[in-house]
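In: Predicted structure and sequence below. I'll ask about it afterward.
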Amino acid sequence: MACSDKYYIYHGLLLPSIAHSNESLKYMEKFQVQDNDIFAITYPKSGTTWMQEILPLILNGGDLTPVQTIPNWDRVPWLEETRAALVMDKIPAPRTMVSHMPYHLMPASFFSSKAKAIYVTRNPKDVVVSSFHFHQMASFLDDPGTFDEFVDKFLAGNVMFGKWTDHVKSWRNTDMGDRIMYITYEEMVQDLQGAVQRMSQFLGRELSAEALERVANHCCFKNMKTNPMSNYSLVPQDIMDSKKSSFLRKGTTGDWENHFSPELEAKFTSTIREDMKGTNIKLYWDE
Ligand code: A3P
């Protein structure tokens, strides 16, 4: 069901209509997941673009060609977006995809497959900061208003892909067993090489020491920021205005401290804790 010209509503979730439609969601629902497919799952602004860089490098044994020649949205497409139907056939097996969908809205064939998923979580305070700046530069999203106003919308789930807590709860509660790996954005910032190594082991594609170093070096923030295939500079300015904010903006942990007042931080933390009550999910940045 379409809602405003900017959002399409799907099972109660706001999805940007620039990339989501009846057809794209139908495509996702009917998608035939293969046993060797690999998914990187994220709530928006948690490291999706980073995973679109890391996965092809791991699967190609550290060969930089795909990430230097194919835009991120075509090399590791979003399953739910309109481009998926256009590019999926061109992706070599094992196919890699990203998705912002909550677990229960994944295609039916996902649940009966042996496909693997890597779920990336990021400190929600940094997620909301990153999202706020993204809303300022992306003309296809609502104007975020003030930061405090945007935080209220985020906590209420009136933002793309709904509540952060619902997303995390859905993916932390799967019955996927050893087919799912959990990693945080913070772990990736702290030790990228270690994170890439863990992911490559999980995917059964261990890299040589030399390849591992090359991948981690290529995927550092500074290098990705200058890669036109990954930094969104190919997108016209009237859609993403890099003069307002860069897509690869800061790439750090803890930028929330530059945005939250103590009162806002207290409200944010208590709301997230309340939403997560009774789940046993440990949010290590909130201790
Ligand atoms: P900031 O806005 O805090 O800089 P997504 O790709 O899910 O939309 O997430 C975007 C966020 O991931 C942005 O955060 C972006 O800078 C960050 N990011 C992307 N690549 C990164 C990298 N190589 N290292 C650190 N952060 C990265």
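Out: Cool, the structure landed.

In: Which residues of the stretch 151-287 of the chain lie near the ligand?
Out: 189, 219, 220, 221, 224, 248, 249, 250, 251, 255 (CB under 6 Å from any ligand atom). To be clear about C-beta, it is placed using only N, CA and C from the backbone, and glycine gets the same treatment.

In: Would you list the buried entries among the residues you listed?
Out: 189, 219, 224, 248, 249, 251, 255 (16 or more other CB atoms under 10 Å).

In: quick revisit: and the furthest pair within the residues of the stretch 151-287 of the chain next to the ligand?
Out: 219 and 255 (19.5 Å; CB to CB).

In: Please name the spatially closest residue to the closest residue to the ligand within the stretch 51-200 of the chain (chain neighbours excluded).
Out: Going by CB to the nearest ligand atom, the ligand is nearest to residue 130 of the stretch 51-200 of the chain, at 3.3 Å. Nearest residue to residue 130 in three dimensions, chain neighbours excluded: residue 45, at 4.0 Å (CB to CB, 6 or more residues apart in numbering).

In: residue contacts, that neighbour?
Out: By CB atoms under 8 Å, 6 or more residues apart in numbering, the contact list for residue 45 reads 122, 127, 130, 131, 134.

In: quick one: which of those sit in helices?
Out: In helices, defined here by DSSP state H, the members of the contacts of residue 45 are 127, 130, 131, 134.

In: ranking those by neighbours, who comes first?
Out: Neighbour count (other CB atoms under 10 Å) singles out residue 131 as the most crowded of the ones in helices among the contacts of residue 45, with 25 neighbours.

In: how close does the residue nearest to that one when sequence neighbours are not counted sit to residue 147?
Out: Nearest-residue entry for residue 131: residue 45, 4.7 Å, with adjacent residues in sequence omitted and distances by CB to CB, 6+ apart. Distance, residue 45 to residue 147, by CB to CB, to the nearest Å: 14 Å.

In: So what's the gap between stretch 36-55 and the chain middle?
Out: 5 Å (CA atoms, centre = their mean, to the nearest Å).

In: Is the ligand within reach of it?
Out: Yes. If you take CB under 6 Å from any ligand atom as the test, stretch 36-55 does meet the ligand, through 42, 44, 45, 46, 47, 48, 49, 50.

In: how far does that stretch stretch from start to finish?
Out: One end of stretch 36-55 sits 13 Å from the other (CA to CA, to the nearest Å).

In: got the buried residues for it?
Out: Buried, per 16+ other CB under 10 Å, within stretch 36-55: 37-55.

In: go on, stretch 107-117?
Out: Those would be 107, 110, 113, 115, 116, 117, for stretch 107-117 by 16+ other CB under 10 Å.

In: Which two among those are spaced furthest apart?
Out: Farthest pair in the buried residues of stretch 107-117 (CB to CB) is 107 and 116. Separation: 15.2 Å.

In: Helices - which of the residues of stretch 36-55 next to the ligand land there?
Out: Per DSSP H, the subset of the residues of stretch 36-55 next to the ligand in helices is 48, 49, 50.

In: one step back: just the ones of the buried residues of stretch 36-55 in strands?
Out: 38, 39, 40, 41, 42 (DSSP state E).

In: In JSON lines: those, plus pLDDT.
Out: Output for those, formatted as JSON lines (pLDDT from 0 to 100):
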{"residue": "38", "pLDDT": "98"}
{"residue": "39", "pLDDT": "98"}
{"residue": "40", "pLDDT": "98"}
{"residue": "41", "pLDDT": "98"}
{"residue": "42", "pLDDT": "98"}
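
In: that older thread, any idea of the pLDDT on the residue nearest to residue 131?
Out: With respect to pLDDT, residue 45 scores 98.

In: Need phi/psi at it.
Out: Taking degrees, to the nearest 10, you get phi 80, psi 30 for the backbone angles of residue 45.

In: For residue 49, which non-adjacent residue is closest in space?
Out: residue 72 (5.8 Å).

In: In this structure the one you found contacts residue 54, no?
Out: No. In this structure, residue 72 is not within contact of residue 54 by CB atoms under 8 Å, at 10.9 Å.

In: ok, residue 199 to residue 122 distance?
Out: 16 Å.

In: Could you list the low-pLDDT ranges of the chain?
Out: 1-4, 286-287 (pLDDT under 70).

In: quick one: residue 39 and residue 152, what's the gap?
Out: 31 Å.

In: Kind regards, and thank you for your time.
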